[in-house]
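Visitor: Got a predicted structure here, sequence first:
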Amino acid sequence: MSVASVPFSLGRLGLIAGNTFLEAVRQKLFLFLLLLAIGLVASALFFREFNFGSSELKFIADFGFGALIFFGSALTIATTAQLFFSEIENRTALTLLAKPLWRAEFVFGKFLGVFAVIGVFCALTIGLMMALLYHREGQLMAQTPEAFEAGRLISYGDLLVVGLLQWLKFGVLTAIVLLIASFSNTNLFTVVTGFFVLVICHLQYLARDAWGNVDNALIGLVVQAMSLIFPNFQLFNLADEIGQGSGVDGDVALRVAGYGLAYIAVIGGLAVYSFRNREI
């Protein structure tokens, strides 16, 4: 029976995603990075003396999000590449695809499995950071009640929104690594290229600001094309005002979420197209 005669199945996609999730959480890398990120977030209370002028609560929040972004990015790239190529090297992908299984089910199943693992990582890290902030803010309210006459400075709902946006950003990164893996021959090339693209996505706004308005039309066109090809990861960083009494704009957060979902859909579709043309 050909794959074309078999309808797309959410059940098969869910099975692949579930197996990917279980395989990922068994990896030592996941446990190592999770414990390291949690340890760094927890240590924020001890490093607050090195706060260079910002409020203590903002320092703790920035420190926690820094650990989340750094280790979450490393976990996303390494886990996605490892799980994809383990299927190729162990020939399990060939066995699966010999059955009536769409390649789109395989690719998006891998995506959802990794996305779920990163979601667990984000939930634990953000949960610990929120607990630390709540505890420390309570202590500060008891010590200096005049500074909290209007109530708590931290909006924990905003913290959750920013954490969800970071998770969505990792989803975009997962799709990018799957696209690279779909035509790459080695795990190492995928990981190195993934980190290279990560840097571009975080810094592309600088190139756009510096070169986007130059008189040279060709350079301006190239910069604009690059800004469309590579997502702007700086858009997902909405935590700057946390700890200063300001809140996250809900409309902005929704637009950023839509931006991330659009990139996931487009890049995921390209990964499926590329994987269909790959010989296994």
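Guide: Nice, thanks for sending it over. This one's a predicted model, so the numbers in the text were calculated from it and none came from an experiment. Numbering: from 1, shown residues only.
Visitor: What about Thr80, how many residues nearby?
Guide: Thr80 has 31 neighbours, counted by other Cβ atoms under 10 Å. C-beta here means a position set from N, CA and C on the backbone, and glycine is covered the same way.
Visitor: Just the buried positions in the helix or strand that contains Thr190, please.
Guide: Using DSSP states H and E, Thr190 falls within helix 187-211. Within helix 187-211, the residues that qualify as buried are 187, 190-191, 193-194, 197-198, 201-202, 204-205, 208, counting by 16 or more other Cβ atoms under 10 Å.
Visitor: helices or strands next to that helix in the packing?
Guide: Other elements packing on helix 187-211 under the criterion 3 or more Cβ pairs under 8 Å, 6 or more residues apart in numbering; DSSP states H and E are helix 56-89, helix 156-183, helix 217-229.
Visitor: Could I get those helices in JSON lines, plus columns for distance to Glu149 and mean pLDDT?
Guide: Formatted as JSON lines, the helices and strands packed on helix 187-211 follow (distance: least, Cβ to Cβ, whole Å; pLDDT from 0 to 100):
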{"stretch": "helix 56-89", "distance to Glu149": "16", "mean pLDDT": "87"}
{"stretch": "helix 156-183", "distance to Glu149": "19", "mean pLDDT": "92"}
{"stretch": "helix 217-229", "distance to Glu149": "44", "mean pLDDT": "71"}
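Visitor: As a markdown table, the ones you listed with distance to Ala265 would be great.
Guide: Listed next are the helices and strands packed on helix 187-211 as a markdown table, based on distance: least, Cβ to Cβ, whole Å:
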| stretch | distance to Ala265 |
| --- | --- |
| helix 56-89 | 17 |
| helix 156-183 | 9 |
| helix 217-229 | 15 |
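Visitor: for the ones you listed, which one sits closest to Pro145?
Guide: Pro145 lies closest to helix 56-89 among these, at 15.2 Å (Cβ to Cβ).
Visitor: quick revisit: nearest to Met129 among the helices and strands packed on helix 187-211 would be which one?
Guide: So among those, helix 56-89 is nearest, using Cβ to Cβ, at 3.6 Å.
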